[in-house]
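Trainee: test case, fold it:
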Amino acid sequence: MFIQTLCILGLALSVTLAIPVDPYGPSLVSYAAPKLLVQHAPALAVAKIAEPEPYDPNPQYSFAYGVTDHKTGDSKQQEETLVNGVVHGSYSLAEPDGTIRKVTYTADKVHGFNAVVEKKGVAHAVVAKPAIAVAHVPTITKIGYAAPAYAAPAYGYGGHY
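Mentor: Modelled structure (predicted):
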């Protein structure tokens, strides 16, 4: 009978040792593989066929602008038109010497670009303002330092491996 008790205790002990016991309690983290979320592709929209933009065989435009600044003396104007494939235009500006330069031009596919330049007014001598004297800047003395001494590694780049 002692042997039977011993066998039953041994069997109970082996079953107890075979079941793993977590000393920290039940785990809150799941180690299961994540669930895959299957998303279906959105329905394809029906593409519209690109229609060509309307073509104008005889484009036309016209523009003009002008600037006059009494504080700086800047004065310029420009105007340009395109009719029947020919560009007509002109621009004028105030030169630093006091004259007005006016350029009148035309351009087309047959004759190309043609310009006539006119200058109006009397040129005045332009006097440059004297440069502002700059205070003497002391020279900077270069200081030399010795390179650190070290042994260069021998890598064997000469083809000997």
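Trainee: what sits against P138?
Mentor: By CB atoms under 8 Å, 6 or more residues apart in numbering, P138 lies in contact with nothing. C-beta: built from backbone N, CA, C; applies to glycine.
Trainee: what's the spacing between it and Y145?
Mentor: Per CB to CB, to the nearest Å, P138 is found 22 Å from Y145.
Trainee: quick one: which helix or strand includes the residue lying closest to V67 once chain neighbours are set aside?
Mentor: In this structure, V67 finds its nearest non-sequential neighbour in K76, 5.4 Å apart by CB to CB, 6 or more residues apart in numbering. Here K76, judged by DSSP states H and E, is contained in strand 74-83.
Trainee: that strand: which residues count as buried?
Mentor: 80, 82 (16 or more other CB atoms under 10 Å).
Trainee: what lines up beside that strand in the sheet?
Mentor: Strand 74-83 pairs in its sheet with strand 61-69 (antiparallel), strand 86-94 (antiparallel), by DSSP bridges.
Trainee: which one of those lies closest to D108?
Mentor: strand 86-94 (4.4 Å; CB to CB).
Trainee: got the buried residues for the closest one?
Mentor: For strand 86-94, a neighbour-count test (16+ other CB under 10 Å) marks 89-92, 94 as buried.
Trainee: would you map the helices across the protein?
Mentor: Secondary structure of the chain (DSSP state H): helices at 2-18.
Trainee: nearest spatial neighbour of Y65, skipping sequence neighbours?
Mentor: Nearest non-adjacent residue to Y65 (CB to CB, 6+ apart): Q78, at 5.9 Å.
Trainee: that concludes my questions; thank you for your assistance.
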